[in-house]
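S.K.: what shape does this take:
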Amino acid sequence: MSRKVSARIPASTTNLGPGFDVLGLALQLYSTVSLEITGSTTEVIISGVDIDKIPSTPEHIAFQAVQSVFQRSGVQKPKGLKLSIENGIPAIRGLGGSGIAILGGLLTANILCGNPFSRSDLLNFATSIEGHPDNVAASLYGGVVISVQEEDHVHTIQLTCNPALHVVLAIPEFTLSTQKARSVLPKTVDFTDAIYNISRSSLLVACIATGKLEMLRVAMKDKLHQPYRSTLIPGFNDVVEAATSAGALSIALSGAGPTVAAYCLNNMDEVGNQMQNVFKHHDIPCKIMVLSADLEGAKIWDNKDANPLV
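M.R.: Numbers count the residues shown, from 1 in each chain. The predicted structure is shown next:
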């Protein structure tokens, strides 16, 4: 019998400067992943943004996540499954696309298997596939999420983000894989740099928790990954300077990049224009998006019930 489950999942911007592999923020930009029991064949269908950059085969990471749920649950996988992804998020740009695909496969397959796993379980599964919890945790729960991995378990705390805070994204046309962005990082870090990041990531969490957003100017500075990754993004330092001059509170790479995120309370259009102009000066076309935080996280629909499942 045909049955279809869909999940709408928000994009994420992660690290937020100093919180490398720990901090993530969900954004009001979405992809929808649907899983349907069909006949006797397997299909993966991709539509929407950047479909030329996303594989439409059973090797897709979302379908691998689907198969892992059936294997873990002991439920026999149907002969016919159709996985559809309506992609609304620029691919391979540091906006959590891989995490969204993984979560989409896990969440929809979990419902088809009778909902044997909790969201905490699914976060652990997603982290084991993705390799780090920051983006999958933010997309799953919404808001600002702090994640700590201890062996095979991820501990998370979600904070509500002040709705006055907007994120201006400058999304270059070129892509940058996480693997390449990690390859430029040093194998060891200086002790003083570690203290620098610990202090600022702690301050960043306190800023969000207390609403003292003006302190983001200090709290989002980083020495562990951005100085190295920024070398892969022409004009990065100029973009940061331009966004700051236009009124941004702080600027950070979104995930592994190349997207640059500026955090603003006002002047969002001017900040975006200045970032776009600087990238254009470096011969890099880029798209500007002004987004707010998503506070709800992933939503799931079963075709048996028009209302989203909790």
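
S.K.: L224: which element?
M.R.: Using DSSP states H and E, L224 sits in no helix or strand.

S.K.: quick one, what contacts it?
M.R.: Counting by CB atoms under 8 Å, 6 or more residues apart in numbering, L224 makes contact with 18, 20, 185, 189, 193-194, 197. The way it works is simple: take the backbone N, C-alpha and C, and place the C-beta from them, glycine included.

S.K.: and of the residues you listed, the nearest to G131?
M.R.: Lowest distance from G131 to the contacts of L224 (CB to CB) belongs to F20, with 13.0 Å.

S.K.: let's verify that closest one: helix, strand, or coil?
M.R.: Under DSSP: H, G, I helix; E, B strand; the rest coil, F20 falls in the coil class.

S.K.: show me what contacts it?
M.R.: Applying CB under 8 Å, 6+ apart, the residues near F20 are 197, 222, 224-225.

S.K.: returning to what we had before: among the contacts of L224, which are in helices?
M.R.: 193-194, 197 (DSSP state H).

S.K.: JSON lines for the contacts of F20, including distance to S47 and pLDDT?
M.R.: Shown next, in JSON lines, are the contacts of F20 (distance: CB to CB, whole Å; pLDDT from 0 to 100):
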{"residue": "N197", "distance to S47": "40", "pLDDT": "97"}
{"residue": "D222", "distance to S47": "36", "pLDDT": "97"}
{"residue": "L224", "distance to S47": "37", "pLDDT": "96"}
{"residue": "H225", "distance to S47": "33", "pLDDT": "97"}
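
S.K.: N237 and T244, how far apart?
M.R.: Applying CB to CB, to the nearest Å, the value for N237 to T244 is 11 Å.

S.K.: about what we covered before: considering the ones in helices among the contacts of L224, which possesses the most neighbours?
M.R.: Neighbour counts for the ones in helices among the contacts of L224, by other CB atoms under 10 Å, peak at N197, which reaches 20 neighbours.

S.K.: shouldn't that residue be in contact with K223?
M.R.: Yes: the pair N197 and K223 qualifies as a contact (CB atoms under 8 Å) at a distance of 6.1 Å.

S.K.: joint contacts of those two?
M.R.: What both N197 and K223 touch, as defined by CB under 8 Å, 6+ apart, is the set P18.

S.K.: what segments of the stretch 201-310 of the chain are strands?
M.R.: For the stretch 201-310 of the chain, applying DSSP state E, counting those that start in this stretch gives strands covering 250-253, 260-264, 286-292, 299-302, 305-309.

S.K.: wait, which of those is closest to P58?
M.R.: strand 299-302 (22.2 Å).

S.K.: for whichever strand in the chain runs longest, buried residues please.
M.R.: The longest strand of the chain (DSSP state E) is strand 23-37. Buried residues in strand 23-37, counted by 16 or more other CB atoms under 10 Å: 23-27, 29-37.

S.K.: and it, average pLDDT?
M.R.: Per-residue pLDDT over strand 23-37 has a mean of 97.

S.K.: give me the distance from that strand to the chain's centre.
M.R.: Distance of strand 23-37 from its chain centroid, counting by CA atoms, centre = their mean, to the nearest Å, is 9 Å.

S.K.: CA atoms of that strand as CSV?
M.R.: Extracted in CSV, the C-alpha atoms of strand 23-37 (Å, rounded to 0.1, in the frame of the first residue of the first chain):
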residue,chain,number,x,y,z
LEU,A,23,27.5,25.7,17.8
GLY,A,24,24.8,25.9,15.2
LEU,A,25,21.9,28.2,14.3
ALA,A,26,18.8,27.1,12.3
LEU,A,27,17.7,29.5,9.5
GLN,A,28,14.4,30.1,7.9
LEU,A,29,15.4,28.5,4.6
TYR,A,30,14.1,25.0,3.9
SER,A,31,14.4,21.8,2.0
THR,A,32,11.7,19.1,2.0
VAL,A,33,12.5,15.4,1.9
SER,A,34,9.7,12.9,1.1
LEU,A,35,9.8,9.1,1.3
GLU,A,36,7.1,7.1,-0.3
ILE,A,37,6.4,3.3,-0.5
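
S.K.: list the helices and strands that strand packs on?
M.R.: strand 3-14, strand 81-87, helix 97-112, helix 134-141, strand 144-150, helix 191-210, strand 286-292 (3 or more CB pairs under 8 Å, 6 or more residues apart in numbering; DSSP states H and E).

S.K.: let me know the closest of the contacts of L224 to N115.
M.R.: Nearest member of these to N115, counting by CB to CB, is F20, at 33.6 Å.

S.K.: what values do phi and psi take at the closest one?
M.R.: phi -60, psi 120 (degrees, to the nearest 10).

S.K.: and it, how far is that from P234?
M.R.: 23 Å.

S.K.: poorly predicted segments of the chain, please.
M.R.: 1, 304-310 (pLDDT under 70).

S.K.: mind doing that once more with 80?
M.R.: 1-2, 39-40, 303-310 (pLDDT under 80).
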